[in-house]
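Novice: What follows is a predicted protein model with its sequence.
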Amino acid sequence: MENEILLIPDKADTERDALAKIWKNAGGEVKRIGKFWIKPETGNKRVSIYGYDSFCLVLAQILEIEMEIVKDEWIAELPDKYLKRQIEIKPISQIEKIEYPKFIKPVTPKLFKAEIFKSAKELKSIIDGIEENEFLICSDEIEVNKEVRSFILNREIKDIAFYEGEGNIENPKHFIEDFLANSELNLPKTFVLDVGFNEKDDWFIIEFNSSWGAGLNFCKPVKVIECIREAANN
């Protein structure tokens, strides 16, 4: 990774620090950024960015770097064999027509905290003041007994690990590989895929995340560093 630089937040973090160590060992430079709204000096080096959403997206905009981004609403396009529950995209204007309870999150990140809502009244108290043309991801409740995180690059698993529960990792690995081989979604070059398990439904997809902003959740830094690098196009 000579002539390459990794930008991370200056606040200490076990996972980011582990990635920084791997990056340096591979010959790259690491720069810790505090004021991420100010353009950092990166020379002529290829830049990668890893951290929380606003940190990465603001820096990418300032540095004119295109990041590999996943969209939460993609999950509503998946067939039932990968979801095991109904998921719909609804505008805020239609919250009275939603059958509750539902796990609801905004399509636009960070508008409000995603959680299970038991009624339209309860949801209204949270979204008061948000424009009615904003959209919601509305999911049936599903029991989650185990959770697994996987880092994906070019539709191949670079690493996979349980972060809730335990078991034979080959089972979720086969489920994810089947999805990657057969999905018709226009998936980004690299992303993070979380899957869950319960005895009734077996394995199912929980959500997508961007590689540049997802925590390692017991995945090994040395195995996922390539995903972090490929998440920034410059």
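Specialist: Cool, the structure landed.
Novice: And the helix or strand encompassing Ile206, what's buried?
Specialist: Per DSSP states H and E: Ile206 is located in strand 202-209. By neighbour count on 16 or more other CB atoms under 10 Å, the buried set for strand 202-209 is 203-209. (Glycine included, C-beta is placed from N, CA and C.)
Novice: Give me the contact list for that strand.
Specialist: The contact list for strand 202-209 (CB atoms under 8 Å, 6 or more residues apart in numbering) reads 70-72, 74-75, 78, 82-85, 142, 144, 147, 171-172, 175, 179, 191-197.
Novice: got it, and stretch 174-189?
Specialist: 68-70, 74, 77-78, 82, 150, 152-157, 160, 193, 195, 202-203, 205, 210, 230-231.
Novice: Put the alpha carbons of that stretch into CSV.
Specialist: The C-alpha coordinates for stretch 174-189 follow below in CSV (Å, rounded to 0.1, in the frame of the first residue of the first chain):
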residue,chain,number,x,y,z
HIS,A,174,-23.6,-21.0,2.3
PHE,A,175,-26.7,-18.9,2.6
ILE,A,176,-24.8,-15.7,1.8
GLU,A,177,-22.9,-17.3,-1.1
ASP,A,178,-26.3,-18.4,-2.6
PHE,A,179,-27.5,-14.8,-2.4
LEU,A,180,-24.4,-13.4,-3.9
ALA,A,181,-24.5,-15.9,-6.8
ASN,A,182,-28.1,-15.4,-7.6
SER,A,183,-29.1,-11.9,-6.7
GLU,A,184,-30.2,-9.7,-9.6
LEU,A,185,-29.5,-6.5,-7.6
ASN,A,186,-26.9,-4.1,-9.0
LEU,A,187,-24.7,-4.6,-5.9
PRO,A,188,-21.7,-2.3,-5.3
LYS,A,189,-18.2,-3.6,-5.6
